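[1] Okay, structure incoming, though there's no sequence with it:
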């Protein structure tokens, strides 16, 4: 058993926080139970998820992307489950790579289970992630909380979202547990659920229950899904108008700016902050 201390960092994107584990050669054994212990906010380091930093060529799920992206974001939810993509996580992942001297400011590509994502690191500023295109399946659901129900728009950003527009964000309830939705068959593997209110033209606010994590202070793919759903609700489709649509999305942890372009590409801009680094006792990973 490896008894050497394991390096980690802690970072956040609009307070969606992560434990960062640099592991270029993919040598760490990270079962779901170890991830959950790392993310425990009292008995571990604490985080909404883990950013496992691996060279694409060293990971079986990313080898095919190694020609496009040197680095693979092996993302895990706080309960240890595997996720396709995490938008805030990509920004923090890129921020770590730049801080560690592994990449320079400017453009880079990051491999994820949701495909290769293009990232731009501004000099001393925010990080923009090209999040790909949204898919808009026709099948939606009805979400219910405390006797209230709302129709929710089905938006897929490489991971599934259900976007419900409400009159008051308090109507979303406690959001620690997943709000029930029907029909359940629309999301057989669970879903991220966003509750949204209007703040003004092109400006909304949201709360989110993230699949596998409960309510988080920010969700990047969720903000993208919300912007797309808001645009369609407002009768705006950049593919039709030929003009980009930009929405400011307020989350409990900060603000993200989401732009959808006529070709369907969606860009998310926001901060990425590294707040600490240290070593993990290997016993935490082995239990």
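    Happy to help now that I have it. The structure displayed is predicted, hence computed values, not measured ones.
[2] where along the stretch 151-287 of the chain do the strands fall?
    160-165, 181-182, 192-200, 203-210, 214-216, 245-251, 254-260, 265-270, 273-280 (DSSP state E, counting those that start in this stretch).
[3] Looking at the ones you listed, which is nearest to residue 6?
    Taking CB to CB, strand 273-280 is the member of these nearest to residue 6, at 4.4 Å. Backbone N, C-alpha and C define where each C-beta goes, glycine included.
[4] What pairs with that closest one, parallel or antiparallel?
    Its sheet considered, strand 273-280 pairs with strand 6-13 (antiparallel) by DSSP bridges.
[5] Could you look up the SS state of residue 97?
    helix (DSSP: H, G, I helix; E, B strand; the rest coil).
[6] Quick check: phi and psi at the nearest residue to it once chain neighbours are set aside.
    Excluding the flanking residues, the one nearest residue 97 by CB to CB, 6 or more residues apart in numbering is residue 103, at 4.4 Å. Main-chain torsions, residue 103, degrees, to the nearest 10: phi -140, psi 160.
[7] Report how many residues lie close to residue 103.
    19 (other CB atoms under 10 Å).
[8] contacting residues for it?
    By CB atoms under 8 Å, 6 or more residues apart in numbering, the contact set of residue 103 is 71, 94, 97, 121.
[9] For the residue lying closest to residue 183 once chain neighbours are set aside, give me the pLDDT.
    Leaving aside its sequence neighbours, residue 183 sits nearest to residue 141 (CB to CB, 6+ apart; 6.6 Å). Residue 141 is assigned a pLDDT of 98 by the prediction.
[10] Correct me if wrong: residue 141 contacts residue 180.
    No. Under the criterion of CB atoms under 8 Å, residue 141 is not in contact with residue 180, lying 9.6 Å apart.
[11] Show me which of these two is the more surrounded one.
    Taking other CB under 10 Å, residue 141 and residue 180 do not tie; residue 141 has more neighbours (22 against 13).
[12] What residues does the more buried one make contact with?
    151, 152, 154, 162, 181, 182, 183, 186, 187, 191.
[13] roughly how far apart are the fourth one and residue 209?
    Just to be clear, that refers to residue 162. 10 Å (CB to CB, to the nearest Å).
[14] Also the last one?
    When distances are taken as CB to CB, residue 191 and residue 209 turn out to be 9 Å apart.
[15] neighbour count winner among these two?
    residue 209 (28 against 24).
[16] Can you read off the pLDDT for that one?
    At residue 209, pLDDT is 97.
[17] Over to residue 1?
    So, for residue 1, pLDDT stands at 49.
[18] Repeat that for residue 287.
    78.
[19] That one contacts residue 35, doesn't it?
    No. Residue 287 is beyond contact range of residue 35, at 11.7 Å (criterion: CB under 8 Å).
[20] Which of those two has more residues huddled nearby?
    Legend: neighbour count by other CB under 10 Å for residue 287 and residue 35, higher for residue 35 (25 against 9).
[21] Okay then, goodbye and thanks.
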